[in-house]
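> Kindly return the folded structure for what I paste below:
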Amino acid sequence: MIDFHSVSSMVSLAFRHFARNPMASYWYVGIACGLWFFVLLFSLRLIYWLRDSPAWPAVLMRLAGGLLLAGLVSLALFGGIFAAMVWGGSYQVPKQSVHLASALLSNALLVALSGAVIGCVGGFWMVFYLSRVTVPRFAACLQKSTKKAFHDELTDSRTVEELLPKPIHYDPKQYFAECERNGNVFIGLDRNRQPITIDLDLYHETHVQLVGPTGFGKGRAAQILLTQAVRRGDAVVVFDPKPGGDEWLPSVLAAECKRAGVSFRYVDLCAEVAQFNLLCDIKPVELKQLLVTGLRLSRQGVMADFYRLAERGFAKRAAQGDFGVPSSLPELATLVREAAGEEAGELRGLLDQLDELAGIAAIQTAGGLDLADVLDHGGVLYFVGSRVDEEVKLLQPMLVQRMEQLILRRDKHSGRHVVMFLDEVKYLLSTTVLDGLGAIRDRGCNLILAHQSLDELVCIDADKETTAGIVNIDCTVRLCYRQTEPRTTKWIEDQTGKIIVNAVGRNLTRNAAMSEVPDEPRHIQQVQRAAIDSNMIERLPRGCGVLIGVGEARLLFTAPIVTVPRTFQPIPAPRVVCAKVVDQLLKPGDINVQ
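Numbering: from 1, shown residues only. The predicted model follows:
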C-alpha cells in the first residue's frame, strides 16, 4: 500500500527545494501552461478539421491530434495530483514557512495564468493560420493524390501536358517490311509504341492532308509515306517551294531510290540551267488550260474579268496553233508577241507575263527531262521552287497542273500508281487542280497536301472558303500537328469526335478564417467534350500529331528517317531561247537560237 502521507511529504519537500530559485519556477510554470493551452487548441483543430475524411492522411492526422489531446489530459491530471500533494504536504511545513509557501504559490498561479493567456493567444493564432492557409492546401493535396475512379475528365490548359504522351524516338524503317507484307501503309506509333497503319487500298482511294507549323512533324510524315511509296514501286512527284528544298527529304528519297534501283530526278526551278520542256507533247486544250492557270486568266467574278476577255481569247488562239506550233514556252512567247502587232497595248498583261515565264532558265529548252518518264518507270521526280521569285511562282501552279494532265491521259485503273506531295500548297494549287482531285484519284494518283494552318490553305485563283471546302471533302485522312491559331485548332478539335466524360463538382464552404475549403463529398456529372480538345492540340509535343480518318481520332508519333545529307544539282539540257523575247536576260554567249 502506498502511504499517501509520506508521498505528499516528499513532494512538499521537493517543492520547497525547487522554490529556492523562484524565478526559474515562474518561467517553467508559465511556459508549461502556455504550451499546454497552445497544443490543446492545435489538437482540437486537427480533430475537428478532419473528422469526416476517410483518407489515410486524414486518419493519421486525427490520430496524432487524439494522442496530443490524451497527453494534455494526462498532464492536467498529473498537475492536479501534484497540486493536491503539495497542499497535503503543507501540514508538515513549519508554520514560519507557511507565508513563504503561500507567496510562492500565489506568484506561480499568477505566472501560470499569464502563460495560459499567452498560450491561448498563440493557439488561436495557430488555429487561424491552419484554417486560412494549411487547410486549403492540405485539401488540394488530398484531391491531387486521390486515385480517381475514372480518367476521362475535362482538361485544364495549366495541367493538360500531364495527360499527353512523352516524345517517342524510333526508326520508322523497321516497320516498313511487315506493313508491306500485310498490305498496309505505316503512319506512326501510338503512345504505347504500337504501330498505326492504314490499309493500302483505302490509302490509294483518298488524298492525305498534313497540317502543322514548320518543324513539328510534317516533313517526318512525308518521309515515312513517300519512302514506302518508293518501296512499293510507285512514281513519286514532289513539289517543294522552299528555297533550296527541304533539308532532309531529298536525301532520304535519293537513298531509297538507290536502294530500290530506280531513278531520282532533281529539278531546280531557280537554277540558271535549262532542264525540261514544259510544252513537250502537249495538246492544244492542255496548253490553253496551262495558260489560263499560269497567267491568272480564269474568271473570278470580279470587274477585272471583263478587261481580260481579250487576253483570254488571244491565249486560246495561241494554244490552238493559230500563230504557229511552239516547241517550247520561250518560242510560244515570241509567236504571241509577233502576232499581237498593233494589239500589243491591249494585250500587255498577257505578253509581259509570257515574257516573264520565258525568262525562267529551267524551261528554256525543247528537250531535257521528260516529265512523263517518272509516271512510266517509277522513281522520284523532285521539284524545288521558290516562295519569293515572282516568275517561278507563276510557273509552279502550271507545273502541278501539267503533271495532273499527264496523269489524266491514262486509262482508269491502269499504269503505275503515282503519289504527289505538294508542300506549301498556297504556292501550288489552282482551281483546275482542285477540280481534278477526284479524277486523278480514279487514274491511280493520290495527293499529299501540306500546309501550316487553314489560313495557308488557299489556291492562286480561288478564295479560302472554296479551297478549304474542296480539300476537306477529298482529303479524308488528315495528320495534324500542334496548332496555336484559334480557327485551325477549333477545326481540328471538331473532327476528333465527342466523348462522354465525368465533370466533378464540389461544394465550397467558408470557414471562420474566411477561407474557402471544398467539402469532402463530390458529385459527378457526365458531359461531352472533344476526344482531343483544343487544350491538347495547343500543347502537343514535337513529332506528335492527331490522326483523323483512320478509325477513331488518336495521337501518334512520327519520327525522321536517318540518312546522310547530300547536295543535288539539276541535269542541264541544251538551252534554246528566243532572242526577241528574253535576250536581255541572258549573256550573249548563253543564247542558242533555233
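
> And the strands in the stretch 201-350 of the chain, which stretches?
Assigned by DSSP state E, counting those that start in this stretch, the stretch 201-350 of the chain shows strands spanning 207-211, 235-240, 264-268.

> Can you tell me which of those is nearest to Asp201?
Using C-beta to C-beta as the criterion, the shortest distance between Asp201 and the strands of the stretch 201-350 of the chain is 14.5 Å, found for strand 207-211. Using the backbone N, CA and C atoms, a C-beta is placed for each residue, glycine as well.

> who does that closest one touch, helix- and strand-wise?
Helices and strands touching strand 207-211, by 3 or more C-beta pairs under 8 Å, 6 or more residues apart in numbering; DSSP states H and E, are helix 218-232, strand 445-451, helix 464-474, strand 475-480.

> hey, least reliable of these by pLDDT?
Of all the helices and strands packed on strand 207-211, helix 464-474 carries the lowest average pLDDT, namely a mean of 87.

> Can you name every helix or strand that that one contacts?
With contacts defined as 3+ C-beta pairs under 8 Å, 6+ apart, the secondary structure elements packing on helix 464-474 are strand 207-211, helix 431-435, helix 437-442.

> still on that earlier bit, turn the helices and strands packed on strand 207-211 into TSV, including mean neighbour count and distance to Arg575.
Converted to TSV, these look like this (neighbours: other C-beta atoms under 10 Å; distance: least, C-beta to C-beta, whole Å):
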stretch	mean neighbour count	distance to Arg575
helix 218-232	23	31
strand 445-451	24	31
helix 464-474	16	37
strand 475-480	22	39
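
> Dump the ones you listed to TSV, plus distance to Ala503.
Formatted as TSV, the helices and strands packed on strand 207-211 follow (distance: least, C-beta to C-beta, whole Å):
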stretch	distance to Ala503
helix 218-232	35
strand 445-451	35
helix 464-474	31
strand 475-480	26
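
> among these, which is nearest Thr206?
strand 475-480 (4.6 Å).

> What ranges does the stretch 151-300 of the chain have for its helices?
Read by DSSP state H, counting those that start in this stretch, the stretch 151-300 of the chain holds these helices, from start to end of the chain: 176-181, 200-204, 218-232, 249-260, 284-294.

> and these as CSV, adding distance to Gly367?
Formatted as CSV, these follow (distance: least, C-beta to C-beta, whole Å):
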stretch, distance to Gly367
helix 176-181, 37
helix 200-204, 33
helix 218-232, 26
helix 249-260, 23
helix 284-294, 18
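
> does Pro243 really touch Val388, like I thought?
Yes: the pair Pro243 / Val388 is scored as a contact, 7.4 Å apart, by C-beta atoms under 8 Å.

> Bridge partners for His207, pull those for me.
When bridges are taken as DSSP bridges, the partners of His207 come out as Cys475.

> just checking, it touches Ile470?
No: applying C-beta under 8 Å as the test, His207 and Ile470 come out as separate, 10.5 Å apart.

> My impression was that Val400 belongs to a helix - is that right?
Yes: counting by DSSP: H, G, I helix; E, B strand; the rest coil, Val400 is found in a helix.

> burial count for the closest residue in space to it that isn't next to it in sequence?
With C-beta to C-beta, 6 or more residues apart in numbering as the measure, Leu428 is the residue that lies nearest to Val400, at 5.0 Å, once sequence neighbours are left out. Here the number of neighbours of Leu428 (other C-beta atoms under 10 Å) works out to 26.

> Pretty sure Leu428 sits against Lys242.
No: using C-beta under 8 Å, Leu428 is not in contact with Lys242, being 11.9 Å away.

> Surely Ile499 and Ala531 touch.
Yes: the pair formed by Ile499 and Ala531 meets the contact definition of C-beta under 8 Å, at 4.9 Å.

> These two: which has the busier surroundings?
Neighbours of Ile499 and Ala531, each counted by other C-beta under 10 Å, are more numerous for Ala531; the result is 18 against 15.

> Next, count neighbours for the closest residue to that one other than its chain neighbours.
Across the structure, with C-beta to C-beta, 6+ apart as the measure, the residue nearest Ala531 apart from its sequence neighbours is Thr496 (4.3 Å). The criterion is other C-beta under 10 Å. On that basis, Thr496 has 22 neighbouring residues.

> my read: Thr496 touches Met536, true?
No: the pair Thr496 and Met536 fails to qualify as a contact (C-beta under 8 Å) at a distance of 9.1 Å.

> hey, which of the helices and strands packed on helix 464-474 is tucked in deepest?
Mean neighbour count (mean count of other C-beta atoms under 10 Å) peaks for strand 207-211 among the helices and strands packed on helix 464-474, with a mean of 25.

> which residues are contacting that strand?
Surrounding strand 207-211, the residues in contact under the criterion C-beta atoms under 8 Å, 6 or more residues apart in numbering are 218, 221-222, 225, 437, 441, 446-453, 471, 474-481, 483, 488, 492.

> Check stretch 442-451 too.
Outside of stretch 442-451, the residues that reach it under the criterion C-beta under 8 Å, 6+ apart are 203-211, 218, 222, 225-226, 407-408, 410-426, 429, 437, 440, 457, 471, 475.

> So for stretch 278-292, first residue to last residue, what's the gap.
Stretch 278-292 has its terminal residues 15 Å apart, counting by C-alpha to C-alpha, to the nearest Å.

> In that stretch, which residues are buried?
Neighbour-count burial for stretch 278-292, counted by 16 or more other C-beta atoms under 10 Å, picks out 278-280, 282, 286-292.

> do you know how far the closest residue to Ala271 other than its chain neighbours is from Gly368?
Computed as C-beta to C-beta, 6+ apart, the closest residue to Ala271 that is not its neighbour in sequence is Pro570, at 5.3 Å. As defined by C-beta to C-beta, to the nearest Å, Pro570 lies at a distance of 9 Å from Gly368.
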